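# Got a sequence here, can you model it:
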Amino acid sequence: QVQLLESGGGLVQPGGSLRLSCAVPETIFSIFNMAWYRQAPGNKRELVAAVTSDGTTDYTNSVKGRFTISKDNAKTMVYLQMSSLKPEDTAIYYCNANREDRLTKVLLSYWGQGSQVTVSS
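Have a look, this model is predicted:
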C-alpha cells in the first residue's frame with residue numbers, strides 16, 4: 001500500500017504564510033504526477049495545484065500568484081507554499097499522487113491523510 005505522509009498544517013492569520021509537506025515513496029516519486037487538493041466543510045474536494053512528473057505546474061485561479069507547488073527530488077518530497085492566506089483558504093488539504101497506467105488506462109491515485117489549514121484572526 002502506497003502511503004503519502006503530510007505535515008505542516010495549522011492556524012495562521014489572514015495574510016500569513018504556511019508550507020505543507022508531503023513525503024512520497026521513492027518507488028513512485030519520479031513517475032507519478034503530484035497534486036494538492038482541498039476540501040472545506042460542505043464543499044466538494046477541489047484541485048488546488050498540480051505538478052507533472054516532468055515538472056509542469058498548474059494552479060486553480062483562486063490561488064495563482066499566492067501558492068507554489070514544488071518538488072525536492074533528493075528528498076522525494078512535495079511542498080505547497082501558501083502565502084497571502086485568506087479565510088476562504090481554510091480547508092483540509094490533501095496530497096495526491098496519480099498516474100494513468102499506459103496499458104490499461106486505469107488511473108492510479110493515492111492520498112495523504114489530510115492536513116487542516118485554518119486562516120483566522
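
# Spit out the contact partners of Val63.
Counting by C-beta atoms under 8 Å, 6 or more residues apart in numbering, Val63 touches Val48, Ala49, Met82, Asp89. For every residue, glycine as well, the C-beta is placed using N, CA and C.

# what about the spatially closest residue to the first one that is not a sequence neighbour, neighbour count?
Right, Val48. In space, and not counting its chain neighbours, Val48 is closest to Trp36: 4.7 Å by C-beta to C-beta, 6 or more residues apart in numbering. Residues lying near Trp36 (other C-beta atoms under 10 Å) number 27.

# Pick out the residue nearest the middle of this protein.
For the chain, Trp36 is the residue whose C-alpha lies nearest the centre (C-alpha atoms, centre = their mean; 2.0 Å).

# before we move on, the earlier item: paired strands for the helix or strand where the residue nearest to Val48 lies, with orientation please.
Here Trp36 is covered by strand 33-39, with elements defined by DSSP states H and E. Sheet pairing of strand 33-39 (DSSP bridges) gives strand 46-51 (antiparallel), strand 91-100 (antiparallel).

# mind checking which of these is nearest Cys22?
Among the strands paired with strand 33-39, strand 91-100 comes nearest to Cys22, with 3.5 Å by C-beta to C-beta.

# Give me the buried positions along the closest one.
Ala91, Ile92, Tyr93, Tyr94, Cys95, Asn96, Ala97, Asn98, Arg99 (16 or more other C-beta atoms under 10 Å).

# Run through who's touching the strand holding Trp36.
Contacts for strand 33-39 (C-beta under 8 Å, 6+ apart): 20, 22, 24, 45-53, 69, 71, 78, 80, 89, 91-99, 117.
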